[in-house]
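J.: Kindly return the folded structure for what I paste below:
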Amino acid sequence: NRTANSNSRSTVVVLQSSYLPWRGYFDLIRRADHFVFLDNVQFTRQDWRTRNRIKTAQGLQWLSVPVLWRGHHRDKISQILIDNSSNWNQKHLRSLEQAYAHAPYLAETLNLLRPFYEQPPERLSVLNQTLTQAIWSYLSDGEEKQFLDASDFEPLPSDANERLIAICRRLDAGAYLSGPAARAYLDMPRWEEEAIDVRFIEYNYTEYPQLHGAFEPTVSIVDVMANLGPGSLLEAVRGGA
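T.: Reported below is the predicted structural model:
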């Protein structure tokens, strides 16, 4: 029965995992009943899967996780291995310590992140997903959230729209929530056929206290953690719709 009132059914978000993603990513988690990591799709180099930006006294700085990837287009995000033979983890930790040395919540932030850098996992997907879940707990004061992996729903259709619809149907979704960029590729009539209400978040967030000059709205969530502290997600995403 696909005619049930969407208000009585769950809201689902499906996203590829990202490395230390920005505050908008966590706003989507906040609004979801079920958050699904879409890591059983093709890996692409030099995107948010492997890197993000922090704000430093010298300007924006990229933190990039090196991966062992030969460029095979069939490789899924979940299959990508981290190149832990390099010293990337210690470099990232030092960069965070230096960039946020004067941030009011640096100690709490490093206490949370340090274990992930001292013993990084083998797989990129594991790093991103476990970091995201730990950061969510920090920002939300431990609010429980159902995190799932799209691979748990396999087999799934290869078509992007049908894949998302299949996941939503399995979760009895009344609403599918996405960022505004999804307007370009979602087949809205198909979603209407499934009686799933598609909603788009608007990232009209207000500014919050930052270090190092003019406000930068889209840096890594670490900036929020270090400057606003535990339980600060609502403050960080004020103004979004």
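J.: Tell me where the protein has strands.
T.: 10-15, 34-37, 51-56, 59-64, 67-68, 81-82, 146-149, 173-178, 197-200 (DSSP state E).
J.: Now render these as TSV, adding distance to Asn89.
T.: For the C-beta atoms, the positions are set from N, CA and C on the backbone; glycine is no exception. Below are the strands of the chain laid out as TSV (distance: least, Cβ to Cβ, whole Å):
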stretch	distance to Asn89
strand 10-15	24
strand 34-37	21
strand 51-56	14
strand 59-64	10
strand 67-68	13
strand 81-82	9
strand 146-149	23
strand 173-178	32
strand 197-200	36
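J.: Indicate which one of those strands is closest to Arg163.
T.: Nearest of the strands of the chain to Arg163, taken as Cβ to Cβ: strand 10-15 at 8.4 Å.
J.: got a markdown table for the strands of the chain, with mean pLDDT, distance to Leu139 and mean neighbour count too?
T.: Formatted as a markdown table, the strands of the chain follow (pLDDT from 0 to 100; distance: least, Cβ to Cβ, whole Å; neighbours: other Cβ atoms under 10 Å):
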| stretch | mean pLDDT | distance to Leu139 | mean neighbour count |
| --- | --- | --- | --- |
| strand 10-15 | 97 | 16 | 22 |
| strand 34-37 | 98 | 14 | 22 |
| strand 51-56 | 98 | 16 | 20 |
| strand 59-64 | 97 | 19 | 14 |
| strand 67-68 | 94 | 26 | 14 |
| strand 81-82 | 96 | 24 | 18 |
| strand 146-149 | 97 | 14 | 15 |
| strand 173-178 | 97 | 18 | 22 |
| strand 197-200 | 96 | 22 | 16 |
